[in-house]
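> fold the following and give me the result.
(one chain, ligands or ions: 4)
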Amino acid sequence: MNLTEAASTLLTSMLIGDKTTTVTGIAIDSRLVQAGDLFFCISGTAQDGHQYAPKAVEQGAAALVVERQLELDIPQLIVKDARHALAVISNAFYRYPSQEVKMIGVTGTNGKTTTTYLIERILQDAAISTGVVGTIEMRYAGQVFPMSGTTPSSYELQRSLRDMADQGVQACAVEVSSHALEQLRVAGSRFRVAVFTNLTQDHLDYHGSMEAYRDAKGLFFSRLGNTYSANEPERSYAVLNADDEASAVFKHMTTAETIMYGLNDGADVRATDIRITAQGTKFHVHTFKGNADIQLRMVGKFNVYNALAAISVGLIEGIELSAIVKSLESLHGVAGRVEAVQAGQEFSVIVDYAHTPDGLENVLQTVKEFAEGRIFCVFGCGGDRDRKKRPIMGQIAARYADYLLVTSDNPRTEVPDLILVDIEEGLKADGVNKERYELIVDRKAAITKAIEMASPNDVVLIAGKGHETYQIIGTEILDFDDRKVAEEAIRGTGL
Ligand SMILES: CC(=O)N[C@H]1[C@@H](OP(=O)(O)OP(=O)(O)OC[C@H]2O[C@@H](n3ccc(=O)[nH]c3=O)[C@H](O)[C@@H]2O)O[C@H](CO)[C@@H](O)[C@@H]1O[C@H](C)C(=O)N[C@@H](C)C(=O)N[C@H](CCC(=O)O)C(=O)O
Ligand SMILES: Nc1ncnc2c1ncn2[C@@H]1O[C@H](COP(=O)(O)OP(=O)(O)OP(=O)(O)O)[C@@H](O)[C@H]1O
Ligand SMILES: N[C@H](CCC[C@H](N)C(=O)O)C(=O)O
Ligand SMILES: [Mg+2]
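Numbers count the residues shown, from 1 in each chain. Ligands and ions are numbered 1, 2, ... in the order given. Got it, this is the predicted structure:
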């Protein structure tokens, strides 16, 4: 792409310098710039990318996209909003790959990763080559790539989609975080389906209020397929959780046809007769394409919702309900989501990724349904993240578990002990007896203690980190895997 072509995508942009300059790649981080790249100076949430322009030039950038002209001898494309320009130009640079790969986006506070995996399985089994992009990893066409967050930046997403299209990938299930919506990471991507799981408290540090958080999610639906045309190759659909009140707002915002799923009468895709055991979840599903019994290997009522959302997507894609049911029944679960650790012990140890008040409540409710003995809950709250959820998570843990081991979960640049104190505030406010909990800042020590305390038939729930294989302390990323630590603790105590 040359700079004139890049400039032509934005009517109000202004090009300074050699207009024929060719750019061979896109970069937003000066440390990753390669010779020939177009470097976008983004006014970010933490810092101003314009300050890194000299470094980008030094690394070989061919040109810059800036919001104000810089005193540098290099072609510059001046735009009003570099983040917006990044989305627009990335879509063009990678030749609009979302027109070729059918995109299914999943947004919501909890359940995005799980739901994308269910969708991936259903589509793969229907011989639709499917990629998945989200918290755990990105994978397609037999390759796996690590991820640093949930939703990649717009240029990384477009670059990956182009690669998918070139490798014959037909569909892609993408986790769409509220940060991503606010930061235009999926802007310009054509979504065939937008799925909403639920909206509960999280990320108030970033969004400020629940209304602002809901509005960020709403962007996904208001931007969805807002043209009706005889030439439109395929319609877009919104798949909404009928039992979450935010869905009414999203339904109102979108021009797409909506499929409502839930547990109550009136939902288009509905579950009844739910039965949960330690081994799995049974229910009857009623849809606009027939009814069926289904037996998931995954436990928890929340997984019924995730399954209903995935069933809706399968039906939109024209897959038979019986085939969808078979696919879902074959899935063992998702790494770090209600994952059992078995090392010969006589009590249950479960590792789960619940890191929000609602996530924690759901998983504890599920555990409570099958626990025969006491419940020990090891959990913490992330540093440099929503502080308001901390006392609430403490209160929820105390409501369901018999004994709490409050510990660290990626303290990042905060003082770890103080995060624990924030959680304890909630316990004190609820008058939880000090005999029922302890604060152990070292996560390994907390897990080990819980395992030492457990007796046959008890359940040790280790929440918050799920599939994560690290603990972020300060700016250091240290190896840490709840599953391995638990297994070692079990073997170490010889139980
Ligand atoms: C608050 C937030 O969302 N930040 C994300 C955002 O950064 P930003 O654009 O605001 O950038 P910034 O850090 O202010 O820096 C400004 C610019 O300077 C550049 N820079 C910076 C340093 C340098 O040496 N050179 C350089 O060029 C940066 O690359 C950037 O372009 O865009 C970046 C690129 O997409 C992300 O990596 C970064 O994620 C940070 C690490 C983060 O922690 N994000 C979390 C909160 C997040 O996004 N989480 C959601 C998941 C939520 C969920 O699933 O519940 C997610 O989608 O991952
Ligand atoms: N539909 C749901 N409703 C409420 N809680 C859920 C739901 N699905 C999963 N959970 C809980 O939330 C945790 C996280 O699930 P999952 O990883 O699928 O969510 P996510 O939305 O991808 O999270 P993240 O925002 O970190 O990407 C699970 O370990 C489980 O405890
Ligand atoms: N997507 C979430 C993941 C949180 C996981 C938890 N282990 C933590 O570090 O807080 C976030 O970035 O806020
Ligand atoms: Mg996720």
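
> quick one: stretch 410-427 near ligand 2?
No. With Cβ under 6 Å from any ligand atom as the criterion, ligand 2 is not reached by stretch 410-427; the gap is at least 11.5 Å. Where C-beta positions appear, they are placed from N, C-alpha and C, glycine not excepted.

> do stretch 191-206 as well
Yes. Contact between stretch 191-206 and ligand 2, assessed by Cβ under 6 Å from any ligand atom, occurs at 197-198.

> now the terminal residues of that stretch, how far apart.
End-to-end distance for stretch 191-206, by Cα to Cα, to the nearest Å: 25 Å.

> right, is that stretch up against ligand 4?
No. Judged by Cβ under 5 Å from the ion, stretch 191-206 makes no contact with ligand 4; its nearest approach is 10.1 Å.

> buried sites along that stretch?
Of all the residues in stretch 191-206, those buried under the rule 16 or more other Cβ atoms under 10 Å are 191-204, 206.

> also stretch 17-24?
By neighbour count with 16+ other Cβ under 10 Å, stretch 17-24 contains the buried residues 21, 23.

> which residues sit against that stretch?
Applying Cβ atoms under 8 Å, 6 or more residues apart in numbering, the external contacts of stretch 17-24 come out as 1-4, 6-7, 35-38, 62-63, 74-76, 93.

> list the ones among those that fall in helices.
Using DSSP state H, the members of the contacts of stretch 17-24 that fall within helices are 3-4, 6-7, 93.

> which of those residues sit farthest apart?
4 and 93 (13.5 Å; Cβ to Cβ).

> for stretch 162-169, which positions count as buried?
Neighbour-count burial for stretch 162-169 flags 162-165, 169 (criterion: 16+ other Cβ under 10 Å).

> how close does the one residue in the chain that gets nearest to ligand 1 get to residue 292?
With Cβ to the nearest ligand atom, the shortest gap between the chain and ligand 1 falls at residue 44, namely 2.1 Å. To residue 292, residue 44 is 48 Å away according to Cβ to Cβ, to the nearest Å.

> which one of those two is surrounded by more residues?
Neighbour totals were compared for residue 44 and residue 292, and residue 292 leads with 17 against 12 (other Cβ atoms under 10 Å).

> what about the residue lying closest to the more buried one once chain neighbours are set aside, neighbour count?
In space, residue 292 comes closest to residue 325 once its chain neighbours are excluded; the distance is 4.9 Å by Cβ to Cβ, 6 or more residues apart in numbering. Applying other Cβ under 10 Å, we find 20 residues neighbouring residue 325.

> and the helix or strand residue 325 falls within, what other elements does it pack with?
Assignment of secondary structure by DSSP states H and E places residue 325 within helix 321-330. Contact analysis of helix 321-330 by 3 or more Cβ pairs under 8 Å, 6 or more residues apart in numbering; DSSP states H and E lists helix 112-125, strand 281-287, strand 290-296, helix 301-316 as its packing neighbours.

> between those, which gets nearest to ligand 3?
helix 112-125 (9.2 Å).

> show the average pLDDT along the closest one.
Regarding helix 112-125, the rounded mean pLDDT is 97.

> what's the answer for stretch 277-286, then?
Averaged across stretch 277-286, pLDDT comes to 89.

> for it, which outside residues touch it?
Outside stretch 277-286, the residues that touch it by Cβ under 8 Å, 6+ apart are 269-276, 291-301, 303-304, 307-308, 311, 321, 325, 348, 370.

> for it, buried residues please.
By 16+ other Cβ under 10 Å, the buried positions in stretch 277-286 come out as 280-283, 285.

> which element is residue 471 on?
Using DSSP H and E, residue 471 maps to strand 470-473.

> need the contact list for the nearest residue to residue 111 once chain neighbours are set aside.
Once flanking residues are discounted, residue 111 sits nearest to residue 197: 3.9 Å by Cβ to Cβ, 6+ apart. By Cβ under 8 Å, 6+ apart, the contact set of residue 197 is 106-112, 115, 241, 305-306, 309.
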